[in-house]
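**Q** Okay, sequence plus prediction incoming.
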Amino acid sequence: MLRLIKNILGKTIKFIYRMTYKLIPTHKKTVLFIAFHGRGYSDNPRAIYEYMRQQDQFKDYRFIWAIKHHKKKNITIENAKVIEYFSIPYFFYLARSQYWIANCKLPMYVLKKKNQIYLQTWHGTPLKKLAFDIEVPEGTTFYRSGMNEEMMHETYAQDVKKYNYMISPSAFTTEVFQSAFRINRERLIETGYPRNDFLTNYTEEDVLNIKKKLGIPLDKKVLLYAPTWRDNSYITKGYTFKLEVHFDKWQKILGDEYVIVFKPHYLIVNDFDIDQYQGFVYFVEANEDISNLYIIADALVTDYSSVFFDYAN
């Protein structure tokens, strides 16, 4: 019953938004930031925000962050207004903001006015095939939604149509994005990922502070375990990940010298039974920013995640 009520409310809000978004004038100095569909304060949007708020030219701008369950997570952001993702204020600021800065495909219901600027930063190097580049047998469905190939392509096509600009981290990615997203070269900004500036500008004090915050012993090396997600493993709530590693073996062989920091992909929703490895395996929530973990890690273990491109910095 609760899910039905939420569904009805969601449809009602989206309907009102469609009817009124053009009536809400855009404010030329308002910027809306969205990272990973409102999962947190992270990634390229965070890096861009933290740069903007330090520049005199943006001192009279208004910055809005849309984050899910921000009150429960106790998230506050200096010099920014934090609103609930998929709330009435969220839809208001979609219409009100002159600029959108997001790192993921926005939902189909999002409507953009001609005078709004949408900067798509994306969030990885396309080691895996994306969007129009995915090759599947006929009749394949995607994701928990059960979309077919045509429907999946349309979600990308509609989002890309709204982009004014899209960031690319490399010449390789620029080439792939043109194919995967069917985006023209003129809208691609090959500038590197803003989030990775931190990986060449951090200090030893940053490393020490992050280790202390996570409770990691300072006399041990850190091995970061960061696997990606699988789109064929999911429940109603979201995607799941089956932990195949044998932490008992890792602990036996590495325990004297290393500790493990385990960071799942942001889409993973299931819990992991790793209490028995307390003091050896340190779990970091899936929606936390991984950049902090790169700089404390002496080694990275991953699969076909593109995290290794960022870690190489």
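**A** Nice, thanks for sending it over.

**Q** What is the neighbour count of Tyr258?
**A** Tyr258 is flanked by 17 other residues according to other CB atoms under 10 Å. All C-beta spots, glycine's among them, are computed from the backbone N, C-alpha and C.

**Q** again but with Leu243, I slipped
**A** Using other CB under 10 Å, Leu243 has 14 neighbouring residues.

**Q** Identify the residues contacting stretch 109-123?
**A** Residues outside stretch 109-123 that contact it (CB atoms under 8 Å, 6 or more residues apart in numbering) are 14, 17-18, 21-22, 26, 36, 43-45, 48, 94-95, 97-104, 159-160, 162-168, 177, 193-194.

**Q** Of these, which belong to strands?
**A** Restricting the contacts of stretch 109-123 to those inside strands, with DSSP state E as the criterion, leaves 97-102, 165-168.

**Q** hmm, back to that, of the contacts of stretch 109-123, select the buried ones using a ChimeraX command.
**A** Isolation of the buried members of the contacts of stretch 109-123 (16 or more other CB atoms under 10 Å) is achieved in ChimeraX through the command below:
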select :14,17,21,36,43,44,45,48,94,95,97,98,99,100,101,102,103,104,159,160,163,166,167,168,177,193,194
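
**Q** Residue ranges of each domain in this protein, please.
**A** Taking automatic domain parsing as the domain assignment, the record places the domains of the chain at 2-196, 203-311.

**Q** Tell me the spacing between the residue nearest the centre of the chain and Leu2.
**A** Among the residues of the chain, the one closest to the centroid is Phe36, at 3.2 Å (CA atoms, centre = their mean). Phe36 sits 25 Å away from Leu2 when distances are taken as CB to CB, to the nearest Å.

**Q** Ok, Ile83 next?
**A** Taking CB to CB as the measure, Ile83 falls 23 Å from Leu2.

**Q** And Tyr266, by the same measure?
**A** Computed as CB to CB, the Tyr266 to Leu2 distance reads 25 Å.

**Q** got it, and Ala226?
**A** Distance, Ala226 to Leu2, using CB to CB: 34 Å.

**Q** Among these two, which residue is more densely surrounded?
**A** Neighbour comparison, Ala226 and Leu2: the larger count goes to Ala226, with 22 against 6 (by other CB under 10 Å).

**Q** Isn't that one up against Ser306?
**A** No: Ala226 is beyond contact range of Ser306, at 10.4 Å (criterion: CB atoms under 8 Å).

**Q** Sketch out the low-pLDDT regions of the stretch 51-200 of the chain for me.
**A** Judged by pLDDT under 70, the stretch 51-200 of the chain has its weakly predicted residues at 143-144.

**Q** Now do the strands in it.
**A** Assigned by DSSP state E, counting those that start in this stretch, the strands in the stretch 51-200 of the chain fall at 62-67, 81-84, 97-102, 117-120, 141-142, 147-148, 165-168, 188-190.

**Q** Any chance of JSON lines for these, columns distance to Asp248?
**A** Below are those laid out as JSON lines (distance: least, CB to CB, whole Å):
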{"stretch": "strand 62-67", "distance to Asp248": "37"}
{"stretch": "strand 81-84", "distance to Asp248": "41"}
{"stretch": "strand 97-102", "distance to Asp248": "41"}
{"stretch": "strand 117-120", "distance to Asp248": "43"}
{"stretch": "strand 141-142", "distance to Asp248": "36"}
{"stretch": "strand 147-148", "distance to Asp248": "40"}
{"stretch": "strand 165-168", "distance to Asp248": "42"}
{"stretch": "strand 188-190", "distance to Asp248": "45"}
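
**Q** Mind checking the ones you listed for the one nearest to Arg230?
**A** Among those, the nearest to Arg230 by CB to CB is strand 141-142 (12.6 Å).

**Q** list the contacts for Ile13?
**A** Applying CB under 8 Å, 6+ apart, the residues near Ile13 are 86, 88, 91.

**Q** and with 10 Å instead?
**A** Applying CB atoms under 10 Å, 6 or more residues apart in numbering, we find Ile13 in contact with 86-88, 90-91, 109.

**Q** No more questions from me, cheers.
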